[in-house]
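A.B. asks: Please work out how this folds:
(2 chains)
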Amino acid sequence: MMEPGSAFSAALDLVFGGDADFWGIVLLSLRVTLTALLIAAAIGLPLGALLAIGRFRGRDAVIVLTNALMGLPPVVAGLLVYLTLSRSGPLGFLGLLFTPSAMIVAQTVLILPIVIALTRQVVEGLWEEYAEHLRSLGLTPLGAIPTLLWDARFALLTALLAGFGRASAEVGAVLIVGGNIAGATRTMTTAITLETGKGNLELALGLGIVLMAVTLTVNALAFGATRASRRWGG
Amino acid sequence: MRATPSILPLRLTGVGYDAGGGTLIDGVDLTLAGTGRLVILGFNGAGKSLLLRLCHGLIPPTRGRLEWQGPGAGAGARHRHAMVFQRPVMLRRTALANLVHALAAYGVPGAARRERAWAALERFGLTPLADRPARVLSGGEQQRLALARAWLLEPEVIFLDEPTSNLDPAATKAVEEMMRSFTADGIKVVMTTHDLGQARRLADEVAFLHRGRLLEHGPAEPFFTAPRSAEAAAYLRGELVV
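C.D. replies: Okay, the predicted model is just below:
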């Protein structure tokens, strides 16, 4: 095993050296998480808005459930997706297990409750404020959804970034459904987990540095979104 | 000036509204017609704002009927009357985009929206505000923008709930000028106010509400000089009636 000090400088060489395997892992991670985020946004934003303005039996239960699912342990999400996609599972015929698609599904399951719950919360507050004006303009609650989503854009961006942060940092779900196959389903977090165990510290550290940079960027963007929101009057 | 047929008169027959186990509006018979400015007066809690919301159709009456009886009434009548709330709702967009949004909600085609919105800003001297976020404008600017947004929709009737309640004298004057220009455009203004001076300046007709009941409705001048009800007389003298 290398000394931690020399492992760190070797890690920096990896980060700045343009190593193809290394950047392959980084790009796959980003592709998986961004695709999952996109799918979760496409489903979660309208669903969250519907939940915010809808009045139906069982609404409270759905809200409690989505709030609770925000804390769904990644390994449990991974296990559920594994069971669904495994050969004997209901969607086994798709042959998705141990592919990037399976990892996207697993991360979508993790992000979706965050997007739905936070969208519901933000849009509900906005609807309370806007309802009379929008109804005065002749809009139905359903017709008001585009207005509400657009006016909540900065808060929703923050919600999406929170989802991205959770998915990019998790290891359990992608490890179970992806399998950490080199060159195919190896992500930053799964590689760190396994390479550290094998004593390959420079790769683990290098990926750790990139992961930290991603997290920093996400937080800077969230900060910027909050700033922008204030400039528009909250 | 208006080619489209009128939706007025609006006739209220025995209109009542209950909420939270109490009766907030009761037995109101009222006909809104003509183009004179109608000022609704009454103590706090008399039901003034509620009556505007009932007329505008935001809430359905518990009892009685509201009917737009003019030749233009019918399916399209909903878009022929607008309302501005006591605390105007400003969308998290620019001043101009707030106007464009209202036109979009009314189904105005995209190409015409910006042009009409600009014309409305110009008409009321609000063009310097066009690109500013609406929610960080001053209270007076927001209220003028809200009035311009209502005017933009080419309504026949505009309901205004306490349009100047939080404004300084200069902003109040600007808003009152806008209301006068609405009247000049043939728009019927129906408003509530707590400012008796403003009521005297603006009212052509007065409706006086007391505890949810309409006690008086008629021309402004006789109301202010010789109110028929004891409650209105007390109100005009500035007394506290319990």
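
A.B. asks: just the helices in the chain please.
C.D. replies: This is for chain A. A:4-17, A:20-53, A:59-69, A:74-85, A:100-136, A:141-151, A:153-169, A:172-178, A:188-198, A:201-231 (DSSP state H).

A.B. asks: let's do chain B instead
C.D. replies: Under DSSP H, chain B gives helices at B:48-56, B:95-105, B:110-123, B:139-152, B:169-184, B:196-202, B:220-225, B:230-236.

A.B. asks: Can you give the distance from the shortest one to the centre of its chain?
C.D. replies: Helix B:220-225 has its average C-alpha position 21 Å from the chain's average C-alpha position, going by Cα atoms, centre = their mean, to the nearest Å.

A.B. asks: Let me see the mean pLDDT of it.
C.D. replies: What helix B:220-225 shows for mean pLDDT is 96.

A.B. asks: Check the first one too.
C.D. replies: On average, the pLDDT along helix B:48-56 is 97.

A.B. asks: again with the fifth one
C.D. replies: For helix B:169-184, the mean pLDDT works out to 96.

A.B. asks: List the buried residues in that helix.
C.D. replies: Neighbour-count burial for helix B:169-184 flags B:171-172, B:174-176, B:178-179, B:182-183 (criterion: 16 or more other Cβ atoms under 10 Å in any protein chain shown). Using the backbone N, CA and C atoms, a C-beta is placed for each residue, glycine as well.

A.B. asks: Where does pLDDT dip in the chain?
C.D. replies: Assuming you mean chain A. Segments of chain A classed as low confidence (criterion: pLDDT under 70) are A:1-2.

A.B. asks: should've been chain B
C.D. replies: B:1-3, B:240-242.

A.B. asks: Could you rerun that using 90?
C.D. replies: Applying pLDDT under 90 to chain B flags residues B:1-5, B:72-78, B:166, B:238-242.

A.B. asks: Near chain A, which residues of it are found?
C.D. replies: Proximity of chain B to chain A (Cβ under 8 Å from any Cβ of the partner chain) is limited to residues B:56, B:58, B:78-79, B:82-83, B:85, B:89-93, B:101-102, B:105-106, B:133-136, B:153.

A.B. asks: Only the buried members of the residues you listed: can you turn that into a PyMOL selection?
C.D. replies: In PyMOL, a selection of the buried entries from the residues of chain B next to chain A looks like this (16+ other Cβ under 10 Å):
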select buried, chain B and resi 56+58+79+82+83+85+89+90+91+92+93+101+102+105+106+133+134+135+153
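
A.B. asks: Restricted to strands, list the residues of chain B next to chain A.
C.D. replies: B:82-83 (DSSP state E).

A.B. asks: Can you name the residue of chain B nearest to chain A?
C.D. replies: Chain A sits closest to residue B:135 of chain B, with a gap of 2.5 Å, by Cβ to the nearest Cβ.

A.B. asks: That residue touches residue A:234, doesn't it?
C.D. replies: Yes: counting by Cβ atoms under 8 Å, residue B:135 touches residue A:234, with 7.0 Å between them.

A.B. asks: which neighbours do these two share?
C.D. replies: Counting by Cβ atoms under 8 Å, 6 or more residues apart in numbering or on different chains, the residues touching both residue B:135 and residue A:234 are residue B:92.

A.B. asks: Residue B:65: neighbour count?
C.D. replies: The number of residues packed near residue B:65 is 10, by other Cβ atoms under 10 Å in any protein chain shown.

A.B. asks: mind listing what it touches?
C.D. replies: B:11-15.

A.B. asks: Can you name the two of these that sit furthest apart?
C.D. replies: B:11 and B:14 (10.7 Å; Cβ to Cβ).

A.B. asks: before we move on, the earlier item: which ones are touching the residue of chain B closest to chain A?
C.D. replies: Neighbour list for residue B:135: A:232-234, B:90-92, B:142 [criterion: Cβ under 8 Å, 6+ apart].

A.B. asks: now swap in residue B:59 and tell me
C.D. replies: Contacts of residue B:59 (Cβ under 8 Å, 6+ apart): B:17, B:50, B:53.

A.B. asks: again, only using 6 Å
C.D. replies: residue B:53 (Cβ atoms under 6 Å, 6 or more residues apart in numbering or on different chains).

A.B. asks: With residue A:84 instead?
C.D. replies: Neighbour list for residue A:84: A:90-91 [criterion: Cβ under 6 Å, 6+ apart].

A.B. asks: got it, and residue B:158?
C.D. replies: B:82, B:150, B:187, B:189 are the contacts of residue B:158 under Cβ under 6 Å, 6+ apart.

A.B. asks: how about a cut-off of 10 Å?
C.D. replies: Residues counted as contacts of residue B:158 (Cβ atoms under 10 Å, 6 or more residues apart in numbering or on different chains) are B:37, B:56, B:81-84, B:147, B:150-151, B:179, B:182-183, B:187-191.

A.B. asks: For the nearest residue to residue B:146 once chain neighbours are set aside, give me the backbone phi and psi.
C.D. replies: In space, and not counting its chain neighbours, residue B:146 is closest to residue B:88: 3.4 Å by Cβ to Cβ, 6 or more residues apart in numbering or on different chains. Phi and psi for residue B:88, reported as degrees, to the nearest 10, are phi -60, psi 140.

A.B. asks: how about stretch B:115-128 as PDB, C-alpha atoms only?
C.D. replies: Only the C-alpha atoms of stretch B:115-128 are listed here, as PDB (Å, rounded to 0.1, in the frame of the first residue of the first chain):
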ATOM      1  CA  GLU B 115     -47.600  45.000 -27.600                       C
ATOM      2  CA  ARG B 116     -50.800  45.300 -25.500                       C
ATOM      3  CA  ALA B 117     -48.800  45.100 -22.300                       C
ATOM      4  CA  TRP B 118     -46.500  47.800 -23.400                       C
ATOM      5  CA  ALA B 119     -49.400  50.000 -24.400                       C
ATOM      6  CA  ALA B 120     -50.900  49.600 -20.900                       C
ATOM      7  CA  LEU B 121     -47.600  50.500 -19.200                       C
ATOM      8  CA  GLU B 122     -47.300  53.600 -21.500                       C
ATOM      9  CA  ARG B 123     -50.900  54.600 -20.900                       C
ATOM     10  CA  PHE B 124     -50.300  54.800 -17.100                       C
ATOM     11  CA  GLY B 125     -46.700  56.100 -17.200                       C
ATOM     12  CA  LEU B 126     -45.200  52.800 -15.900                       C
ATOM     13  CA  THR B 127     -42.700  52.100 -18.700                       C
ATOM     14  CA  PRO B 128     -39.700  52.800 -16.500                       C
END
